[in-house]
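Student: A predicted structure for the sequence below; I have some questions about it.
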Amino acid sequence: MKKKLSIIIPVYNSTKSLNELISKITKIDLDNYEIIFVDDSSKNLETRKILSNLAKKYKKIIKVILLSKNLGRTNAILTGLKYATGISNIIMDDDLQHDPKYINNFLRLKHHDVVFANYSRNKNLLNNLFSYLKYLLDRYTFENNVRISSFFMIKSYIKKIIINANSINAYLPGLINESTDDIISFDIKLNKRKYGSSNYNFYSKIKIIQNIFLNYSNLPFKILFLSGFVFLLISLLIGLKIIYNYIYFDPLPGWTSTLGLIVFFGGINFIYSSFIGYVILKKINDNKNNNLSYIKKIIHYK
């Protein structure tokens, strides 16, 4: 049966927060909703035991999807969205930093295609630097000033567009921005982490930046093109200097003309490289093919 709301929660090695999270969600006055937990192949077996018990206890609202391989949070979310039946779909973390009390705030804005929860990042200097760099990349790449977060809501037809995209190395904000311009945000207060630590390490953050560059942004090719243009300009100035000296003064030594030719053809190579790279990027985006997460088991007590 079609639900008004689906809440998708990716899970990885969580134990202490899950019961408390469900308790908070079920206390909210919600009608005709479902909660979909997607376990991203947790190494902690206790996590799956807790999820199974929750599915049995809250059989009318909870569905648990167990994945056979860890493919990351984005693929876990895409799998959850694939099996969600809600008209609106809210994605939130499992660590209690995203307070369920804001679910009704999302629902009041359900006439928009996508709604993000915006919150201040109280982290260390390195994490803050990464967060701001990612924001600038997102803003430049997608031409959208809305601060992207991991707590958000999307409509069902946007969900279908995202799933059908079958994007290689899927980057969810990229898929969302390619699907609609109707994206807004509202401010919330982020709770302090109560249990455990973040699963995002430095390597994961670098992969996110790399993914934006290689699969969505044309910034690297613009840099190559501008570099090539600068080199061509320099080679032109060197050429003019050679001609000027040849007419009015003694000709410059032979290495000067050689240097000018090297700079000239280097600039041409940069421009060609940027053009070829841009064409390849467009071809990849036109022929996307994604390995969706492998589903080991679906637990749903009817």
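Tutor: It's in.

Student: where does the stretch 201-302 of the chain have low pLDDT?
Tutor: 201-229, 231-232, 238-239, 241-293 (pLDDT under 70).

Student: how is this protein partitioned into domains?
Tutor: Following automatic domain parsing, one gets these domains for the chain: 3-217+295-299, 219-286.

Student: list the contacts for Tyr157?
Tutor: The contact partners of Tyr157, by C-beta atoms under 8 Å, 6 or more residues apart in numbering, come to none. Heads up, the C-betas are built off the backbone N, CA and C, glycines and all.

Student: separation between it and Asp113?
Tutor: Per C-beta to C-beta, to the nearest Å, Tyr157 is found 8 Å from Asp113.

Student: what does Arg147 give?
Tutor: Plainly put, Arg147 is 17 Å away from Asp113 if you go by C-beta to C-beta.

Student: what are the ranges of the strands in this protein?
Tutor: 3-11, 33-39, 62-67, 86-91, 114-118, 152-155, 183-187, 295-299 (DSSP state E).

Student: which of those comes out lowest on mean pLDDT?
Tutor: Across those, strand 295-299 has the smallest mean pLDDT, namely a mean of 87.

Student: so which elements touch that one?
Tutor: Contact partners of strand 295-299 among helices and strands, from 3 or more C-beta pairs under 8 Å, 6 or more residues apart in numbering; DSSP states H and E: helix 45-57, strand 62-67.

Student: buried deepest among those, which one?
Tutor: Most buried of the helices and strands packed on strand 295-299 by mean neighbour count (mean count of other C-beta atoms under 10 Å) is strand 62-67; its value is a mean of 23.

Student: partners of it in the sheet?
Tutor: Sheet pairing here is set by DSSP bridges, and for strand 62-67 it gives strand 33-39 (parallel), strand 295-299 (antiparallel).

Student: packed most tightly, which of the ones you listed would that be?
Tutor: Neighbour counts (mean count of other C-beta under 10 Å) averaged over each of those peak at strand 33-39, with a mean of 25.

Student: now that one against strand 3-11, angle please.
Tutor: 20 degrees (axes from the mean of the first three to the mean of the last three C-alpha atoms, to 10 degrees).

Student: keeping just the C-alphas, turn strand 33-39 into PDB.
Tutor: Output in PDB follows, covering the C-alpha atoms of strand 33-39 (Å, rounded to 0.1, in the frame of the first residue of the first chain):
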ATOM      1  CA  TYR A  33       4.400   5.900   7.300                       C
ATOM      2  CA  GLU A  34       7.200   3.400   7.100                       C
ATOM      3  CA  ILE A  35      10.800   3.100   8.300                       C
ATOM      4  CA  ILE A  36      13.300   1.400   6.100                       C
ATOM      5  CA  PHE A  37      16.700   0.500   7.700                       C
ATOM      6  CA  VAL A  38      19.400  -0.500   5.200                       C
ATOM      7  CA  ASP A  39      22.300  -2.300   6.800                       C
END
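
Student: between that strand and strand 86-91, how big is the angle?
Tutor: Using the same axes, to 10 degrees: strand 33-39 against strand 86-91 is 40 degrees.

Student: need the residues that contact strand 33-39.
Tutor: By C-beta under 8 Å, 6+ apart, strand 33-39 touches 3-12, 18, 22, 25, 47-48, 51, 54-55, 58, 61-67, 76-77, 79-80, 83-86, 94, 293.

Student: fine by me, we can end here.
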